[in-house]
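Participant: Sequence plus predicted model, see below.
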Amino acid sequence: MTKRKTKSYPESFRREAVRLADQPDRTATDVAKELGIHVGQIYNWRTQFNKLSKGQFTVADGTNYARQETAEVRKLKKEIAWGPTVGSGLAR
C-alpha cells in the first residue's frame, strides 16, 4: 500500500479560505469548490484558528507559542512536588 502525500497550504491561503467562507453571502462548500479543496479543510482550519485565537493551541505552523511558559510551568510543578531547586532563589 502506498502512502498518500498530503498537500500543505501556506497559512495565508488557509486564513483567506476561512475568511471567504465566513462571509454572509458565501458558503464553505462554494469556497472549497472555487479553491479546489475539500470543504472539510475549511472547517478544520476554522477550528484551528479559533482555538489559536483563544489560546488553546500552542503550536501552529511548527511554531510553539508556549514553549517558554511550558518549561516554566514544568519547573514550578516540580518545585511544588519536590521542594525548591538549588539556585532557584527559593531554597529554605
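Facilitator: Yes, it's here.

Participant: tell me which element residue 52 falls in.
Facilitator: helix 39-53 (DSSP states H and E).

Participant: again, but for residue 78
Facilitator: Using DSSP H and E, residue 78 falls in helix 67-82.

Participant: For that helix, which helices and strands make contact with it?
Facilitator: Here helix 67-82 touches no other helix or strand, going by 3 or more Cβ pairs under 8 Å, 6 or more residues apart in numbering; DSSP states H and E. The C-beta positions use only the backbone N, C-alpha and C, and glycine is treated the same way.

Participant: Residue 37: what secondary structure?
Facilitator: coil (DSSP: H, G, I helix; E, B strand; the rest coil).

Participant: who touches the residue lying closest to it once chain neighbours are set aside in this structure?
Facilitator: Nearest non-adjacent residue to residue 37, counting by Cβ to Cβ, 6 or more residues apart in numbering: residue 17, 7.1 Å away. Going by Cβ atoms under 8 Å, 6 or more residues apart in numbering, residue 17 touches 31, 32, 35, 37, 41, 42, 45.

Participant: hmm, try it at 10 Å
Facilitator: 9, 28, 31, 32, 34, 35, 37, 41, 42, 45, 46 (Cβ atoms under 10 Å, 6 or more residues apart in numbering).

Participant: go on, residue 28?
Facilitator: Taking Cβ under 10 Å, 6+ apart, we find residue 28 in contact with 17, 18, 20, 21, 22, 39, 40, 41, 42, 43, 46.

Participant: Show me which of those residues are buried.
Facilitator: Buried by 16 or more other Cβ atoms under 10 Å: 17, 18, 20, 21, 41, 42, 46, out of these.

Participant: Mind telling me the two of the residues you listed farthest from one another?
Facilitator: Using Cβ to Cβ, the buried ones among the contacts of residue 28 reach their maximum pairwise distance at 20 and 41, which is 12.6 Å.

Participant: State the distance from residue 16 to residue 78.
Facilitator: For residue 16, the distance to residue 78 (Cβ to Cβ, to the nearest Å) stands at 43 Å.

Participant: doesn't residue 30 make contact with residue 20?
Facilitator: Yes: with contact defined as Cβ atoms under 10 Å, residue 20 reaches residue 30; the gap is 8.7 Å.
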